[in-house]
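1. What would the 3D arrangement of this be:
(one chain, ligands or ions: 2)
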Amino acid sequence: MPKRRAALLVVDVQNDFCPGGALAVTDGDRVVPVLNRYLALFHRKGSPIFASRDWHPTDSAHFKPHGGPWPPHCVKESEGAAFHPRLTLPPETIVISKGATRWDDGYSALQGTTENGTPLPLLLKQMAVDRLYVGGLATDYCVKASVMEAIKLGFSITLLTDAVAAVNVAPGDEERAFQEMIAAGAQPATFDEVSQTL
Ligand code: VGL
Ligand code: ZN
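-> Ligands and ions are numbered 1, 2, ... in the order given. Now for the predicted structure:
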């Protein structure tokens, strides 16, 4: 039996989703200090760490000027697409890029790939990861899409409720996203609980 493992997935903690960015989540940067605690914990335990990033081409069909719903954001290689400067990603972090082609919205990190093109689900299988601890931005878009797809693919999910923030296009979107993820089987937890069980 291969050893089953837990991994941390930090979703889209990028400048454009933080205050001052092109698609800022209200107080999006408040997730940074708590995510840094999770990063230190997973690093200390030797558990794999993944960080996804929105990585769009300038002509993405996901952008308003090209027919999509969003202002241009996280254009690949731009400052807005860089991880938040205070996010302390350890050197072994595996970066997952998504939404990188014109017709790919890339909401789910499970649709993303490593630098050399390995799809995240394949990599998780190869690494014998069976549970993902998920935090980041935004609860109601990329966090939700990643969690729902991971559950569909058979992964167990712990949702880090103290390390997510929402866009809230409509009031209550975050609450509805929580309900949807939990109904699908995601288990909510906060830092103290995770640090006692990991
Ligand atoms: C996201 C909207 C558009 C996200 C990405 O990371 O949640 N939201 N692109
Ligand atoms: Zn996007």
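2. Output the host helix or strand of residue 175 as CSV, restricted to C-alpha atoms.
-> Using DSSP states H and E, residue 175 maps to helix 173-183. This file holds the C-alpha atoms of helix 173-183, laid out as CSV (Å, rounded to 0.1, in the frame of the first residue of the first chain):
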residue,chain,number,x,y,z
ASP,A,173,-21.9,34.6,-2.1
GLU,A,174,-19.3,33.5,0.4
GLU,A,175,-21.8,31.9,2.7
ARG,A,176,-23.4,30.1,-0.3
ALA,A,177,-20.0,28.9,-1.5
PHE,A,178,-19.3,27.5,2.0
GLN,A,179,-22.6,25.7,2.0
GLU,A,180,-22.1,24.2,-1.4
MET,A,181,-18.6,23.0,-0.6
ILE,A,182,-19.6,21.5,2.7
ALA,A,183,-22.7,19.8,1.2
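3. which other residues reach that helix?
-> For helix 173-183, contacts defined as C-beta atoms under 8 Å, 6 or more residues apart in numbering pick out 139-140, 143-144, 147-148, 157, 159, 161, 165-168, 188. In this view, the C-beta of every residue, glycine as well, is placed from N, C-alpha and C.
4. and those residues, which are buried?
-> Neighbour-count burial (16 or more other C-beta atoms under 10 Å) is assigned, among these, to 139-140, 143-144, 147-148, 157, 159, 161, 165-168.
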